[in-house]
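Engineer: A structural model of the following input is requested.
(2 chains)
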Amino acid sequence: MNEMLVTLALILGKLLFIFGVVLFMAAYLVLAERKILGRMQLRYGPNRVGPFGLMQPLADVIKLLTKEDFVPARADKWLFLIAPGITAVTALLVFAVIPFGPTQEIFGQQVPLVVVDLNIGVLYFLGVSSMAVYGVVLGGWASNSKYSLLGGVRGLSQMVSYELSLGLSLVPVIMMARSFSLTDIVMAQQSLPFMLLNPVAFGVFFICVLAESNRIPFDLPEAENELVGGFHTEYSGMRFGLFFVGEYINMVVLGSLVTVFFLGGWHGPWLPPMLWFLLKVLAVCAMFIWIRASMPRLRYDQLMNLGWKVLLPLTLVNILVTGAVLLGLG
Amino acid sequence: MIATTMFYLLGAVALGATGLAIIQRNPVYAVIYLVKSIFALALIFYLLGAPLLAALQVIVYAGAIMVLFLFVIMMLEVTPTNASTRSAPGWMQWAPVLFLTLTLVVLTLVLIGLDPATSEGIPRWHATPRDFGYTLFKEYALAVKIISFQLSFAAVGAFHVGMTERRRARLEDAS
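Structural biologist: Sure, this is the predicted structure:
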């Protein structure tokens, strides 16, 4: 009985820890992005609220919460209200299978630093992340506005083109780790990260992750200079905030996944494992921001061409080659 | 006990959502209800000890096929139809209802007739991805091959249809 209580408390503790850290990171990623983008464009970025503008996320939240929550006339009310939640929640749910450190001993119990180590972890990630697009699409459709609908349709077609390459680029990883479990995948990279062993898969996965996060160069669903705001044109207040936070949570989650699948997870010399994990995730997020500052947006047909004619054949060939090499090595 | 309750709850959700998906006039709603039903079904698979199948159900059906449906609906801008559809004359109107009722009655009678105590339950085991893969590709290798052949035939067929359309357009442009 006592042991069960400890286990339950540990699980709750892990959940709270992850929830807190991810939301904190999402909030400060917004600030970091604005700061870094500002410096890259020879501006200062936000620096008024608190020292170095560090209280800016708090000010943003207060502003968003006190704004009017507006539902357009003839919008589909229920879907309109639910859609932002779908985006944020699916992004958070993925974190359930991400291991962020090796097994620790706490209160005499072996505690793996992951909420659940599913034996179908990779598939869980693919399933939940394919749900994220419903938030964008239903939000765009329910708004009853041309711009929103166009954004939603673009989101859908982007998803259809990239989901396949995203999944297939992970097949070599699964073949090399011989497991669907994310913890096993990290353990398989003890000596060498998969980024070095299979750079092609890493490249394709990284591109698909960019598409998945709907950021430049794949931010067609919101494309603010063509579609006003795309799927979130009609949103205001905290519902817009939820879409926004969802995007940044997604950045953290996808950064963690790149780390787990290709950068060796928590493995690294000298520093403690969890710090390594955090550093790698932050490095990937910094990469996202850097790309946003330096890349133009892809045109719709370019995006389709890249997805179907370049990435998909590349992943298929990569699977064949990886399989052949693995067979050859025994 | 909890598992049984969950099973019946999820079953009710799946059936209800499927029913609603059929009677919705707005196609987007129909798709959403279908997704809900697929989710409930996936959870039922999970409860029955087949996590892999549950994951595949969500990825393939909710994540890919329904997304494609939604895409087509939005691209074609299908508007909700009004009630004025052509109705068949006389007794033909009642044929579908009658047929459905009869089927339901027969099914219910058959289900009542089955005594769960006498039949042997399916063994409950957690199908790990490895076990599942071995079973699928060893025992059902031929079926998997045939299905994949069929899929590639379909892909080639779709490609062919698309090509002739495009070629026709090109020929029209040239003339």
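Engineer: Sketch out the low-pLDDT regions of the chain for me.
Structural biologist: Using chain A here. In the predicted model of chain A, residues A:1, A:107-108 satisfy pLDDT under 70.
Engineer: nope, chain B please
Structural biologist: Chain B contains residues with pLDDT under 70 at B:77-91, B:113-127, B:164-166, B:168, B:171, B:174-175.
Engineer: please redo it, this time with the cut-off set to 80
Structural biologist: Scanning chain B for pLDDT under 80 picks out B:1-3, B:48-50, B:75-96, B:110-133, B:135-136, B:159-175.
Engineer: Around chain A, pick out the residues from it.
Structural biologist: Within chain B, the positions near chain A by CB under 8 Å from any CB of the partner chain are B:28, B:32, B:35, B:51-52, B:55-56, B:58-59, B:62-64, B:67-68, B:70-71, B:74-75, B:128-129. The C-beta positions use only the backbone N, C-alpha and C, and glycine is treated the same way.
Engineer: switch to 7 Å and redo it
Structural biologist: Chain B comes close to chain A at residues B:28, B:51-52, B:55-56, B:58-59, B:62-64, B:67-68, B:70-71, B:74-75, B:128-129, as judged by CB under 7 Å from any CB of the partner chain.
Engineer: can you tell me which of the residues you listed are in helices?
Structural biologist: Of the residues of chain B next to chain A, the ones assigned to helices by DSSP state H are B:28, B:51-52, B:55-56, B:67-68, B:70-71, B:74-75, B:129.
Engineer: one step back: buried only: go through the residues of chain B next to chain A for me.
Structural biologist: Neighbour-count burial (16 or more other CB atoms under 10 Å in any protein chain shown) applied to the residues of chain B next to chain A gives B:28, B:51-52, B:55-56, B:58-59, B:62-64, B:67, B:70-71, B:74, B:129.
Engineer: So which of those is the closest to chain A?
Structural biologist: Of all those, chain A sits closest to B:Gly63, with 2.9 Å by CB to the nearest CB.
Engineer: wait, isn't that closest one in contact with A:Ser130?
Structural biologist: Yes. Assessed by CB atoms under 7 Å, B:Gly63 is found in contact with A:Ser130 at 2.9 Å.
Engineer: Touching both of those two, which residues are there?
Structural biologist: Residues within reach of B:Gly63 and of A:Ser130 at once, by CB atoms under 7 Å, 6 or more residues apart in numbering or on different chains, are A:Glu163.
Engineer: related to what we said a few turns ago, how about the ones in helices among the residues of chain B next to chain A, which pair is most distant?
Structural biologist: B:Met75 and B:Pro129 (35.5 Å; CB to CB).
Engineer: Please name the residues that touch the closest residue to chain B within the stretch 201-330 of chain A.
Structural biologist: Nearest residue of the stretch 201-330 of chain A to chain B, counting by CB to the nearest CB: A:Phe231, 11.7 Å away. By CB under 7 Å, 6+ apart, A:Phe231 lies in contact with A:136, A:139-140, A:148, A:151-152, A:155, A:221-222.
Engineer: Can I get those in JSON lines including distance to A:Leu65?
Structural biologist: What follows is the contacts of A:Phe231, written out as JSON lines (distance: CB to CB, whole Å):
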{"residue": "A:Val136", "distance to A:Leu65": "23"}
{"residue": "A:Gly139", "distance to A:Leu65": "19"}
{"residue": "A:Gly140", "distance to A:Leu65": "24"}
{"residue": "A:Ser148", "distance to A:Leu65": "23"}
{"residue": "A:Gly151", "distance to A:Leu65": "25"}
{"residue": "A:Gly152", "distance to A:Leu65": "26"}
{"residue": "A:Gly155", "distance to A:Leu65": "26"}
{"residue": "A:Pro221", "distance to A:Leu65": "25"}
{"residue": "A:Glu222", "distance to A:Leu65": "22"}
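Engineer: among those residues, which are within reach of chain B?
Structural biologist: Checking the contacts of A:Phe231 against chain B (CB under 7 Å from any CB), the matches are A:Gly152.
Engineer: Name the residues of chain A found near chain B, please.
Structural biologist: A:119-120, A:123-124, A:126-127, A:130-131, A:133, A:137, A:141, A:149, A:152-153, A:156-157, A:159-160, A:163, A:180.
Engineer: So which of the residues you listed sit within strands?
Structural biologist: Judged by DSSP state E, the residues of chain A next to chain B include no members of strands.
Engineer: Start from the N-terminal end of the chain and give the helices.
Structural biologist: Going with chain A. Assigned by DSSP H, chain A shows helices spanning A:2-40, A:56-66, A:77-94, A:121-142, A:146-177, A:182-187, A:194-197, A:199-212, A:224-227, A:237-262, A:273-294, A:300-305, A:312-329.
Engineer: My question was about chain B, not that one.
Structural biologist: Under DSSP H, chain B gives helices at B:2-23, B:27-47, B:51-56, B:66-76, B:95-113, B:129-139, B:141-174.
Engineer: And the residue of chain A closest to chain B?
Structural biologist: Taking CB to the nearest CB, chain A has A:Ser130 as its residue nearest chain B, at 2.9 Å.
Engineer: What is the burial count for that residue?
Structural biologist: With neighbours defined by other CB atoms under 10 Å in any protein chain shown, the count for A:Ser130 comes to 23.
Engineer: correct me, but it touches A:Val160?
Structural biologist: No. Using CB under 7 Å, A:Ser130 is not in contact with A:Val160; the gap is 10.1 Å.
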